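>>> make a model of this:
(one chain, ligands or ions: 1)
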Amino acid sequence: MGEEKPADFTPPAVSDKPLRPPRLSQVPAIPEPPPAEATPPASRPFQVDLRGIVDLLSRSIYSGPQVYLRELLQNGVDAITAREGMPGAPPGAIRITPAHTPGGELVFTDNGIGLTAAEVGELLATVGRSSKRDVLDLPRTDRLGQFGIGLLSCFMVSDDIRVLSRSAGGEPPVEWVGSADGTFTVRELLESEVEAAGGLAVGTQVRLRPRAGDGELTSPTGVLDLASRYGAYLPVPVRVYLPGGGEQIVSGEPLFAQPFTHASPGLMALGRELIGADPLDAIPLHVPATGTRGTAFVLPFAPSPGARQATRVYLRGMLLSERTDDLLPEWAFFARCVVDTSGLRPTASRESLIQDDALEETRAELGAALRRWVATLANRDPVRLSTFLSVHHLALRSLVLHDDELAGFIVPWLPIETSNGQTTYRELLRRGAPLRFAETVDEFRQIAAIARPDAPVINGGYVYDSDILRRLPELIPGTVVETVTITDELASLDVPPLAERPWAQRLQARAEAALKDLDCTVLVRSFAPDTLPALHIADAGVLRRLQRQRAKEAGSGMWASILQRIDDAQDSQKSQNQLDSEGENVGAAGQLCLNWRNRLVRALAESDDELLLARTVRVVHVQALLAAHRPLRAVERASLTDALTDIVHLSAGLGADLGDMPDAPGEN
Ligand SMILES: Nc1ncnc2c1ncn2[C@@H]1O[C@H](COP(=O)(O)OP(=O)(O)OP(=O)(O)O)[C@@H](O)[C@H]1O
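Predicted coordinates:
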């Protein structure tokens with residue numbers, strides 16, 4: 001077809017006998033330096049074992065025999081494209097008559113450019129020979145094929161391929177029959193013969209007689225299914241003739257490749273079919289440089305973290321792959337796309353794309369479209385943005401750590417918990433002040449209880465948040481972040497005013513005596529809010545010890561004695577440390593920080609009723625534990641019940657039912 005022939009090319013003789021076996025394109029032998037007097041070896045063409053090639057195609061290149069129909073569709077469309085613009089060319093059309101009965105023939109007809117006798121010999125029977133490369137042997141971008149192997153895929157379903165063709169150039173019609181045993185025949189057909197068989201218009205007919213056992217793929221249901229899968233968006237109508245006499249046109253408009261501002265119901269239905277649920281949104285995609293258009297559907301559920309979304313790719317309307325996983329950037333796990341492209345190049349299997357600059361550029365552009373969607377969603381539809389973030393926040397957080405590109409545009413919109421409530425990084429950054437965060441949820445809870453509203457503390461305790469916060473100065477230059485601990489915060493709390501300090505110290509001693517058996521020490525400080533009587537303070541070591549105690553209470557035997565030994569070892573370490581730090585005084589079960597500004601605490605300081613003070617302090621202690629989300633030990637549960645019982649007795653004037661409680665100072 002106007003293509004330069006290799007030097008040793010000889011067109012096959014037109015004959016009704018088997019000609020020569022198909023061969024690879026002539027590849028010159030690797031020249032070796034000839035021995036001094038030897039005659040140079042004659043160069044010979046490679047021989048091809050067709051069975052081996054078909055085996056290679058079916059096992060290693062194509063995903064399965066079903067692709068035979070895709071290859072036929074693609075050849076039909078290419079032939080129609082090649083005829084476009086020729087005088088008198090009719091509108092392109094493809095017709096498929098499935099094999100209606102076992103042993104019957106499948107007939108695939110196009111009204112494309114057709115083939116001459118010389119062309120069938122050259123193009124159909126030379127593996128690797130294609131008319132779809134230009135003079136520089138580059139693939140033509142307006143053709144779907146290029147490798148010169150596609151037709152061989154029909155051998156996966158049939159032992160013979162019979163091609164009847166009439167060239168648009170006016171040459172006589174021709175029949176080519178290729179056999180899976182590696183031979184083929186070519187002969188020109190007489191017009192009378194063609195007339196008797198029902199005529200043959202310009203174009204090509206491929207006839208396949210399905211091999212026993214492969215009938216499913218060539219049956220009416222099989223063909224309808226494959227034609228709709230591969231040819232749903234081809235630019236020419238594809239008609240499938242049904243057994244009852246009717247026909248079905250399987251090709252239609254690629255809705256997903258049209259520009260849109262609001263997704264139509266039809267487009268959303270396609271998204272539903274693709275992801276199995278109503279998409280959260282549809283994003284138009286367009287990369288002019290590679291002729292790529294499509295739609296990204298945002299998943300309404302969280303996929304497994306790091307999972308890359310497979311994209312459905314069409315090559316000029318023909319399905320290339322349902323699951324191309326390298327067309328989107330890695331971070332775009334939240335969107336499933338369907339695109340049609342004319343500028344990306346398929347591999348020989350036509351089931352994936354060649355990794356080249358065009359693919360890289362397209363990936364970058366598609367990523368940019370998704371980023372723009374997130375960025376503009378904030379202004380356009382904040383409710384949808386917050387739904388999106390709540391569905392995908394975990395995966396987004398994990399990716400932010402590895403992907404600077406994603407981090408830059410996504411971090412500002414991520415929700416984050418602070419002592420002032422839920423907010424976004426963007427709001428926090430707007431304040432301009434350093435971002436203060438607690439490393440653990442527990443530390444955050446303790447600090448949040450006393451943090452001033454104008455100096456909020458961030459909860460860095462949930463998965464990935466501390467890491468993201470630590471990376472912020474690098475991601476958003478100019479940002480200052482600092483960690484805060486409960487010990488630092490306690491140190492910054494006000495001590496009671498000088499004039500009241502003796503009272504506060506007395507209260508501290510009395511309260512500490514009341515909690516002695518619970519291993520909890522007491523501190524008196526002034527802090528907001530006034531309504532909060534006390535805080536329970538525990539550092540990580542204390543928390544671990546409390547957890548061990550609960551485990552001991554729940555378990556028994558060997559495990560309990562192991563935990564006891566850990567406690568003993570830590571006790572002796574602690575008493576040594578206390579000696580070293582000269583009187584630093586934090587109980588093994590934490591510290592109760594009473595709020596000097598609180599009414600109840602002030603009333604206790606003024607009261608001389610030691611019984612009432614001891615019981616009330618124990619109630620306040622349990623209240624502080626609960627507010628700090630600490631699980632109660634058995635001893636604390638008992639302490640609460642006893643203290644409340646005593647308070648009831650005292651208020652009823654019955655005197656205290658002292659039970660197991662320790663004596664309050666001055667009680668004896
Ligand atoms: N229906 C057809 N009409 C006209 N020519 C055809 C038709 N089918 C095949 N051919 C010719 O036969 C050649 C080989 O076809 P084949 O399907 O093996 O490979 P290809 O389409 O060129 O490349 P690929 O392997 O990428 O499909 C084509 O390049 C084309 O010239």
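>>> can you pull the contacts of Leu285?
By C-beta atoms under 8 Å, 6 or more residues apart in numbering, Leu285 lies in contact with 292-296, 337, 339, 366, 369. Glycine gets a C-beta too; all of them are placed from N, C-alpha and C.
>>> can I get the residues you listed in CSV including secondary structure?
Listed next are the contacts of Leu285 as CSV, based on DSSP: H, G, I helix; E, B strand; the rest coil:
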residue, secondary structure
Thr292, strand
Arg293, strand
Gly294, strand
Thr295, strand
Ala296, strand
Cys337, strand
Val339, strand
Leu366, helix
Ala369, helix
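>>> who wins for most neighbours among those residues?
Counting neighbours by other C-beta atoms under 10 Å, Val339 comes out on top of the contacts of Leu285 with 28 neighbours.
>>> where's it relative to Arg599, distance?
67 Å (C-beta to C-beta, to the nearest Å).
>>> go on, Gly294?
66 Å.
>>> again, but for Ser130
To Arg599, Ser130 is 91 Å away according to C-beta to C-beta.
>>> same question, Arg187
Arg187 is 110 Å from Arg599, by C-beta to C-beta.
>>> now Leu493
18 Å.
>>> who has more neighbours, the two?
Taking neighbours as other C-beta under 10 Å, Leu493 and Arg599 compare with Leu493 leading, 17 against 11.
>>> any idea of the pLDDT on the closest residue to that one other than its chain neighbours?
Excluding the flanking residues, the one nearest Leu493 by C-beta to C-beta, 6 or more residues apart in numbering is Arg525, at 4.1 Å. Per-residue pLDDT puts Arg525 at 95.
>>> could you give the bridge partners of Arg525?
Beta bridges link Arg525 to Asn595 when assigned by DSSP bridges.
>>> burial count for it?
21.
>>> tell me the contacts of it?
Arg525 neighbours (C-beta under 8 Å, 6+ apart): 490, 493-496, 593-596.
>>> which parts of the protein sit against the ligand?
71, 74-76, 79, 110, 112-113, 115, 123-124, 130-132, 145-151, 204 (C-beta under 6 Å from any ligand atom).
>>> now do the strands in the stretch 501-650 of the chain.
Residue ranges of the strands in the stretch 501-650 of the chain, as given by DSSP state E, counting those that start in this stretch, are 521-525, 534-537, 591-595.
>>> does anything pack onto the second one? Which helices or strands?
The elements that strand 534-537 packs onto, with contact taken as 3 or more C-beta pairs under 8 Å, 6 or more residues apart in numbering; DSSP states H and E, are helix 441-448, strand 591-595, helix 610-627.
>>> ok, 7 Å please
strand 591-595, helix 610-627 (3 or more C-beta pairs under 7 Å, 6 or more residues apart in numbering; DSSP states H and E).
>>> pick the most deeply packed of the ones you listed.
When the helices and strands packed on strand 534-537 are scored by mean count of other C-beta atoms under 10 Å, the highest mean neighbour count falls to strand 591-595 (a mean of 25).
>>> what angle do that strand and strand 521-525 make?
30 degrees (axes from the mean of the first three to the mean of the last three C-alpha atoms, to 10 degrees).
>>> just for the chain, where's the confidence low?
1-38, 58, 133-141, 305-307, 540, 543, 545-560, 562-567, 569-587, 654-668 (pLDDT under 70).
>>> show me the contacts for Thr292.
Contact analysis of Thr292 by C-beta atoms under 7 Å, 6 or more residues apart in numbering lists 339, 341, 343-344, 362.
>>> change it to 10 Å
Residues near Thr292 by C-beta atoms under 10 Å, 6 or more residues apart in numbering: 257, 285-286, 313, 327, 339-344, 358-359, 361-362, 365-366.
>>> filter those residues down to the buried ones.
Those of the contacts of Thr292 that meet the buried threshold are 257, 285, 313, 327, 339-341, 343-344, 358-359, 361-362, 365-366, by 16 or more other C-beta atoms under 10 Å.
>>> filter the residues you listed down to the ones in strands?
Residues of the buried ones among the contacts of Thr292 located in strands (DSSP state E): 285, 313, 339-341.
>>> of all pairs in those, which one spans the longest distance?
Leu285 and Val313 (11.8 Å; C-beta to C-beta).
>>> overlap in contacts, those two.
292, 294, 337-339.
>>> dump the residue contacts of Val495.
501, 504, 523-526, 596.
>>> of those residues, which is the most crowded?
Val524 leads these on contacts (other C-beta under 10 Å) with 25 neighbours.
>>> which of the residues in whichever helix or strand Gly271 is part of are buried?
For Gly271, the enclosing helix or strand under DSSP states H and E is helix 265-275. Buried residues in helix 265-275, counted by 16+ other C-beta under 10 Å: 267-268, 270-271, 274-275.
>>> repeat for stretch 317-331
Applying 16+ other C-beta under 10 Å to stretch 317-331 flags 317-321, 324, 327-331 as buried.
>>> gap between the two ends of that stretch?
In stretch 317-331, first residue to last residue: 27 Å (C-alpha to C-alpha, to the nearest Å).
>>> same question, stretch 625-635
End-to-end distance for stretch 625-635: 13 Å, by C-alpha to C-alpha.
>>> buried ones in that stretch?
Applying 16+ other C-beta under 10 Å to stretch 625-635 flags 625, 627-628, 630, 633 as buried.
>>> ramachandran angles for the closest residue to the ligand within the stretch 451-600 of the chain?
Using C-beta to the nearest ligand atom, the single residue of the stretch 451-600 of the chain nearest to the ligand is Leu475, 45.3 Å away. The phi/psi pair for Leu475 (degrees, to the nearest 10) reads phi -80, psi -40.
>>> so what's it up against?
400, 404, 407-408, 411-412, 425, 468.
>>> try 8 Å this time
Counting by C-beta under 8 Å, 6+ apart, Leu475 has contacts 404, 407-408, 411.
>>> before we move on, which element is the residue of the stretch 401-550 of the chain found nearest the ligand in?
Nearest residue of the stretch 401-550 of the chain to the ligand: Glu405, at 35.0 Å (C-beta to the nearest ligand atom). Applying DSSP H and E as the criterion places Glu405 in helix 404-410.
>>> I am finished for the moment; much appreciated.
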